[in-house]
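J.: I'd like to go over a predicted model; first the sequence, then the structure.
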Amino acid sequence: MGIIKKTYLSRADFSPLLNGAEDSGLKSALHGRGFTLIELLLVIVIIAMAAAVAIPNIGSGNQTASLNAAAREMASALRFARGHALTRRKESTFLVDLEKNSYQITGKKKVYKIAGDIVVVLDIAQSQIIDENHGGIRFFADGSSTGGRITLELGESKRQLDVNWLTGQVEIDDW
């Protein structure tokens, strides 16, 4: 058996970097590529400024998302109450408890919670006001309703849920 030895020839000459000379060696190549303290501080300041702008916007986005989710869930529950009245051919009521920030639908035992930081305002028919903290919207067998408006407020943002008295249709409006 014989030993096969291959030799690779390179056109690049790395000897100046490896010889350790102070003026042309690896050490001088690395020292020339560092950052100064001023450059590092400048980058930190830019990052801090970007964070100061971005973080408040993230927080308001969470509030808006929370408000939109609450409005969609409540609109869905109102539509369910209308559908329940239509399919069962009997009245169904959507009741709101302002004190506990919750609502309930006739025929369901579950009580739905609204986030505590969301303010709920009811603008409904006088006949549907139970007391100062309770009221609702009644849906009839033909799909019509007593109508009304439910406003959800969180900070500067508001969402209105309008229930048409004639058709019982529910719409969400930005405010």
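T.: Received, thanks.
J.: tell me the buried residues in stretch 97-111?
T.: Buried residues in stretch 97-111, counted by 16 or more other CB atoms under 10 Å: 97-98, 101, 103-106. In this view, the C-beta of every residue, glycine as well, is placed from N, C-alpha and C.
J.: could you look up the SS state of residue 48?
T.: Following DSSP: H, G, I helix; E, B strand; the rest coil, the label given to residue 48 is helix.
J.: contact partners for residue 163?
T.: Residue 163 is in contact with 78, 137, 145, 147-150, 169-170, counting by CB atoms under 8 Å, 6 or more residues apart in numbering.
J.: which of those has the most neighbours?
T.: Neighbour tally across the contacts of residue 163 (other CB atoms under 10 Å): the maximum, 29 neighbours, falls on residue 145.
J.: and for that residue, nearest residue in space, chain neighbours not counted?
T.: residue 168 (4.2 Å; CB to CB, 6 or more residues apart in numbering).
J.: returning to what we had before: now, which of the contacts of residue 163 lie within strands?
T.: Of these, the ones assigned to strands by DSSP state E are 137, 148-150, 170.
J.: which one of the contacts of residue 163 is nearest to residue 161?
T.: residue 150 (4.4 Å; CB to CB).
J.: among the buried residues of stretch 97-111, which has the minimum pLDDT value?
T.: In terms of pLDDT, residue 106 ranks lowest among the buried residues of stretch 97-111, with 89.
J.: tell me which element the spatially most central residue of the chain falls in.
T.: Centroid-nearest residue in the chain: residue 65, 3.2 Å away (criterion: CA atoms, centre = their mean). Residue 65 is part of helix 37-88, with elements assigned from DSSP states H and E.
J.: and that helix, what other elements does it pack with?
T.: strand 92-97, strand 102-105, strand 111-113, strand 134-139, strand 148-154, strand 157-163, strand 170-174 (3 or more CB pairs under 8 Å, 6 or more residues apart in numbering; DSSP states H and E).
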